[in-house]
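Colleague: Have a look at this fold, sequence not included:
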């Protein structure tokens, strides 16, 4: 695990990563699913859902997500993300959790400074998806969310949609 100092001295940021390979899904098809800022694969994963989006799906676009089965109805389980980088030619995008000033309570998870990146690479007739994140944790190690498991569930849901 990589460590860097968080801005403002809040503590160490930790990097997490999940890589999945698919022989029967082309990189262009997987990119088509993953790069959609409305992200229907999030709901398909069972992890949560995108409740609303603003912007044109390009850099600076934002979305409100609801986490878990109660996220759509419970404002405490809602948070915002912003698209910070989009490179369709390189099939990569980056996003960040908004800082929480938009709503009371901020992020519903015990993390801060989250930044994520998703990259799709051509691999033969198939593809490789790499989902990385970096954040700090504001909880004990035993209470930390399983971010690599979360990324894996999102990738698996996108793969199911890309295969349809």
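Modeller: Right, received. Where do you want to start? This one's a predicted model, so the numbers in the text were calculated from it and none came from an experiment.
Colleague: who touches residue 144 in this structure?
Modeller: Residue 144 sits next to 110, 137 when contact means C-beta atoms under 8 Å, 6 or more residues apart in numbering. C-beta coordinates here come from the backbone N, C-alpha and C atoms, glycine included.
Colleague: give me that answer again for 7 Å
Modeller: residue 137 (C-beta atoms under 7 Å, 6 or more residues apart in numbering).
Colleague: For stretch 28-44, buried residues please.
Modeller: The neighbour-count check on stretch 28-44 (16 or more other C-beta atoms under 10 Å) flags 29-31, 33-35, 37, 39, 41-44 as buried.
Colleague: sorry, that was for stretch 147-157
Modeller: Residues of stretch 147-157 classed as buried: 147, 150-157 (neighbour count, 16+ other C-beta under 10 Å).
Colleague: Switch the residues you listed over to a markdown table; also include pLDDT.
Modeller: Output for these, formatted as a markdown table (pLDDT from 0 to 100):
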| residue | pLDDT |
| --- | --- |
| 147 | 92 |
| 150 | 93 |
| 151 | 95 |
| 152 | 96 |
| 153 | 96 |
| 154 | 96 |
| 155 | 97 |
| 156 | 97 |
| 157 | 97 |
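Colleague: Looking at the residues you listed, which is nearest residue 124?
Modeller: Ranked by distance to residue 124 (C-beta to C-beta), the buried residues of stretch 147-157 are led by residue 155 at 18.0 Å.
Colleague: The strand or helix carrying that closest one - contacts with which helices or strands?
Modeller: Following DSSP states H and E, one finds residue 155 within helix 147-163. Here helix 147-163 touches strand 12-22, helix 27-34, helix 40-45, strand 126-137, going by 3 or more C-beta pairs under 7 Å, 6 or more residues apart in numbering; DSSP states H and E.
Colleague: quick one: low-confidence parts of the chain?
Modeller: 1-11, 99-106 (pLDDT under 70).
Colleague: again, only using 50
Modeller: Along the chain, segments meeting pLDDT under 50 span 1-9, 104.
Colleague: So which residue is smack in the middle of it?
Modeller: Relative to the mean C-alpha position of the chain, the nearest C-alpha, by C-alpha atoms, centre = their mean, is the one of residue 116, at 5.8 Å.
Colleague: what sits against that one?
Modeller: For residue 116, the contacting residues are 94-95, 131-133, by C-beta under 7 Å, 6+ apart.
Colleague: on that earlier part again, from the buried residues of stretch 28-44, which single one is nearest residue 137?
Modeller: Of all the buried residues of stretch 28-44, residue 42 has the smallest distance to residue 137: 21.9 Å, by C-beta to C-beta.
Colleague: Okay then, goodbye and thanks.
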